[in-house]
Every structure is written in C-alpha cells, then in structure tokens.
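Trainee: Mind folding the following:
(one chain, ligands or ions: 1)
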Amino acid sequence: MSRPIRLAINGYGRIGRCFLRALHESPLKNKFQIVAINEPADLESMVYLTHFDSTHGVFSGQVGQGPDCLIIDGQEIHVSHAQTPEGVDWARHEIDLLVECSGRYGLRDELTRFVDAGCPRLLLSHPGHSAQDVDFTMIYGVNHEKLKGDERIVSNASCTTNAIVPVLDQLHRAFGVEQVYLTTLHSVMNDQPLIDGYHHSDLRRNRSAMQSIVPVATGLAQGVVRFLPQLAGKVQAKAIRVPTLNVSAIDLVANLERNADVHAINSLLKAAAAKQPGLLAYSDAPHASVDFNHDPHSAVIDGSQTRVNGPRFANVFVWFDNEWAFACRLLDALQAWSVRCPAMGQTPKHTLESV
Ligand SMILES: NC(=O)c1ccc[n+]([C@@H]2O[C@H](COP(=O)([O-])OP(=O)(O)OC[C@H]3O[C@@H](n4cnc5c(N)ncnc54)[C@H](OP(=O)(O)O)[C@@H]3O)[C@@H](O)[C@H]2O)c1
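Mentor: Residues are numbered from 1 along each chain as shown. This next block holds a predicted model:
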C-alpha cells in the first residue's frame, strides 16, 4: 500500500532547515513527509530557528513544540539529539530515506553506519569524501537521468558544483575548454567564527567571518571533474568567503580551443537557460548579490559581466543562492530518486500503526 515517503534529517543547520522549508513551500509536501530530525541543539532553539530565519524570513506555516517533537502545521516530527548514527532508533520511524545535512560523515564506512542503524537510503547535502564513497553523485539537470533507483548513498554534490558544471559543460561543448580557473565568492558559513576563534583545521577559518575577505580551501576542482572527466588536469579553483549572509558567485576564466566573443557566449548560455527553466537563468540587469536571496536556480548567468580578451580568453560570471537553490535541488533529487525506486513509500500500514 502506498503512503507518503517518510524522510528524516540528520543535522538541522542552515541546509537542514532550508530543506524543511523548501519542502513546506513545494507541492511535493503531499508526497514526502519529514518524520524525524536528529540535531545536537536543544529542541527550543530548533523550534525558534525554524520559525524565525534572518536570511529567508518568518516561516510561512504554524511552528510549534511538543514532547520531543517539532510540530509543523499540526504534524509532529520526532526530534533526537544524538552525535552518532547508532544513537537514533531510525528503524522505529520506518523512514524511507535520510537526508544527511550535518556534513560530518564523508567516508563510505561512516555513511554505511546509518544504513546499518536503520536508514535504508541516504541523500547527502555534500559531495562525500570522494566519488568512491557514494553510489552516485547527482547534479539535477546534468545527470539525474542516470540514477538507477537501487542506490543506497547518493550525493547531491555541492552548491558550487551545481552552479558551475552546467555552465562549464555548455562552454566546453561549444568552444572547447583548454584550461579553466574558477573563483568562488561565497557568503559566510557556520564553520567560521564571528570573531577570531579556534574553529577548524583550515587556519584561515579561525578568522572572523564578518571582518575580512577570507580565502579558504576548496574541493571544487575535484568536484567539477567528477562530472566532467574530460576536463581532468584542466581545472583549478579558489574559494573566497565574503562577509555577506547568503548568495554566492563564481567567476570563471577559461582559455578556449575555438574563437568566441561576448555575443556568442551569451547567446549560448541564454539558450541553455531557456532549455532548463527553474534550474538555470540568464540576466543582464545590473545585479548585486542580494537580488538572488531565496532564488531557486542552481545558477543565474550574469550576461553583463561576460568578457573576452582576444578571441580565446573568456570570463563568465554566475550568481546562486548557496542555501536555497541547493535545498531545492535536494528536493529535485528526492523526486528523481523516488520515481525510480518503487520501494519508497511502500511500508505496510500495520507496520506504521505500531510506530
Ligand atoms: N550552507 C551552505 O551554503 C551549503 C550549501 C550546500 C551544501 N552545504 C553542505 O551541507 C552541510 C551542512 O552545512 P550547513 O551550512 O547546513 O552547516 P551548519 O549550519 O553548521 O549545520 C550542520 C548542523 O549539523 C549539526 N551536527 C554536527 N554534528 C552532528 C552529528 N554528528 N549528527 C547530527 N548533527 C550534527 C551541527 O551542530 P553543531 O553546530 O552543534 O556542530 C549543525 O547544527 C555541509 O557539508 C556543507 O558543506 C552547505
């Protein structure tokens, strides 16, 4: 017998909460139901940050609290506070899939602990440690049709890979990319302290997030090559955190194999965006980053910033809401997975009644 697909969230931070909101704002909320959340923070703070969000505004539904549960529009979501996969009785909740949003588990051995603890499937809000640590890495709109449905661990890649791979893929097909440099200008994240403090193994992440432009380590080049292996050895990337709350950009600089000019590049990317509405967009209006807060597109190509220097040296600029667009892609990934996996949502009713 079919029923709503039962989901749990592990790690209820920026992405975990955005995912819950994105589902709440989507027609898919009738198909997927969040039944459990595991997060170290106390319940009162979780309820509070669900209700009020400095970046995305006040929650559009009713938010309440019960014993060990967050209540959204009258629907109870069980809350636990474990620090390990085994610390939660996942099987009790009969979940079909766990959305792993803590970012704390990247190796296959670590991720498999969730499966052993009662989570039949995992969708990661991060790339995992490597391609070998997951069964499939998805960029919705690029390769989601290759998902088979019987995977256990699927990664939704990163917000930056979701933004740049569709654009780079287009450029490579049309003009051939000889070498490419990607510079991410990323808003601050919770792995940076507000003022200087001991926080991370990356030294610069110990520096005040709101005081400086902070270069940080990035795995973007490897992330891109996971999707575009034809560019192996040709991609370099740099990430710079900037003191804004949300919305990021990528500045792409490439040597091309064939001649291109601004018009040809913009026409190509504008046409690509028209073919993928909701995923890619094109604009040549005079934007600043805040224009894209709560924007669902994986990337918005800013045509006003396209440059060439000679016929084969090109520069392209894209904007993306690193939180919201990525949460929307998690939903797209879930939908793509569920239609290929009939076992999701098929738990017998008597099993549910005993939960
Ligand atoms: N923010 C973005 O723009 C963005 C975009 C795409 C992908 N991602 C990826 O998504 C992941 C989460 O990022 P985020 O920005 O949402 O981080 P975040 O705001 O720090 O949220 C992570 C949450 O997980 C909790 N947590 C820590 N250890 C846990 C454990 N063992 N079990 C369960 N929960 C645990 C954290 O609690 P404590 O604070 O107490 O540690 C925190 O509340 C990262 O891998 C990140 O790279 C982030």
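Trainee: residues in contact with Ser80?
Mentor: Contacts for Ser80 (CB atoms under 8 Å, 6 or more residues apart in numbering) come out as Ala36, Ile37, Asn38, Asp68, Gly87, Val88. From N, CA and C alone the C-beta is placed, and that goes for glycine too.
Trainee: Could you do Phe175 as well?
Mentor: By CB under 8 Å, 6+ apart, the residues touching Phe175 are Leu256, Glu257, Arg258, Asn259, Ala260, Ala264, Ile265, Arg312, Ala314.
Trainee: Any idea how many residues pack against the residue of the stretch 251-355 of the chain at minimum distance from the ligand?
Mentor: Residue nearest to the ligand within the stretch 251-355 of the chain (CB to the nearest ligand atom): Asn322, separated by 3.6 Å. Residues within reach of Asn322, counting by other CB atoms under 10 Å, total 24.
Trainee: Ok, Gly118 next?
Mentor: Gly118 sits with 18 neighbouring residues when counted by other CB under 10 Å.
Trainee: one step back: which among the contacts of Phe175 end up buried?
Mentor: Those of the contacts of Phe175 that meet the buried threshold are Leu256, Ala260, Ala264, Ile265, Arg312, Ala314, by 16 or more other CB atoms under 10 Å.
Trainee: Name the nearest residue to the residue of the stretch 51-200 of the chain found nearest the ligand, sequence neighbours excluded.
Mentor: Shortest the stretch 51-200 of the chain-to-the ligand distance, computed as CB to the nearest ligand atom: residue-wise this is Gly103, at 2.3 Å. Take Gly103 and drop its neighbours on the chain: the residue closest to it by CB to CB, 6 or more residues apart in numbering is His126, 5.0 Å away.
Trainee: so who does Phe136 touch?
Mentor: Contacts of Phe136 (CB under 8 Å, 6+ apart): Lys146, Leu147, Lys148, Glu151, Ile153, Val154, Ser155.
Trainee: how about the nearest residue to the residue of the stretch 1-150 of the chain found nearest the ligand, chain neighbours excluded?
Mentor: Using CB to the nearest ligand atom, the single residue of the stretch 1-150 of the chain nearest to the ligand is Gly13, 1.7 Å away. Computed as CB to CB, 6+ apart, the closest residue to Gly13 that is not its neighbour in sequence is Asn190, at 6.0 Å.
Trainee: ok, now how distant is that neighbour from Met138?
Mentor: Relative to Met138, Asn190 is positioned 24 Å away (CB to CB, to the nearest Å).
Trainee: If you count surrounding residues, which of these two has more?
Mentor: Per other CB under 10 Å, whichever of Asn190 and Met138 has more neighbours is Met138, with 27 against 11.
Trainee: That one and Leu147 touch, don't they?
Mentor: Yes. Under the criterion of CB atoms under 8 Å, Met138 is in contact with Leu147, at a separation of 6.3 Å.
Trainee: Mutual contacts of these two, please.
Mentor: In contact with both Met138 and Leu147: Val154, Ala336, using CB under 8 Å, 6+ apart.
Trainee: re the thing from before, hang on, the residue of the stretch 251-355 of the chain closest to the ligand in a strand?
Mentor: No. Assigned with DSSP: H, G, I helix; E, B strand; the rest coil, Asn322 falls outside any strand and is coil.
Trainee: Before we move on, what's the pLDDT of it?
Mentor: Asn322 carries a pLDDT value of 98.
Trainee: so who does it touch?
Mentor: Applying CB under 8 Å, 6+ apart to Asn322 gives the contacts Cys159, Thr160, His186, Ser187, Asn246, Val247, Ser248.
Trainee: for the third one, which residues make a bridge with it?
Mentor: The bridge-partner assignment for His186, based on DSSP bridges, gives Arg241.
Trainee: quick one: it and Phe32, what's the gap?
Mentor: Taking CB to CB, one finds His186 at 29 Å from Phe32.
Trainee: Worst mean pLDDT across the helices and strands of this structure, which element?
Mentor: helix 349-353 (a mean of 45; mean pLDDT, DSSP states H and E).
Trainee: By neighbour count, sort out the buried ones in the contacts of Asn322.
Mentor: Using 16+ other CB under 10 Å as the burial test, the contacts of Asn322 include Cys159, Thr160, His186, Ser187, Asn246, Val247, Ser248 as buried.
Trainee: quick one on the thing from earlier: let's have the contacts of Asn322 in TSV, adding distance to Val177 and pLDDT.
Mentor: Shown next, in TSV, are those (distance: CB to CB, whole Å; pLDDT from 0 to 100):
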residue	distance to Val177	pLDDT
Cys159	21	98
Thr160	17	98
His186	22	98
Ser187	27	98
Asn246	29	98
Val247	26	98
Ser248	22	98
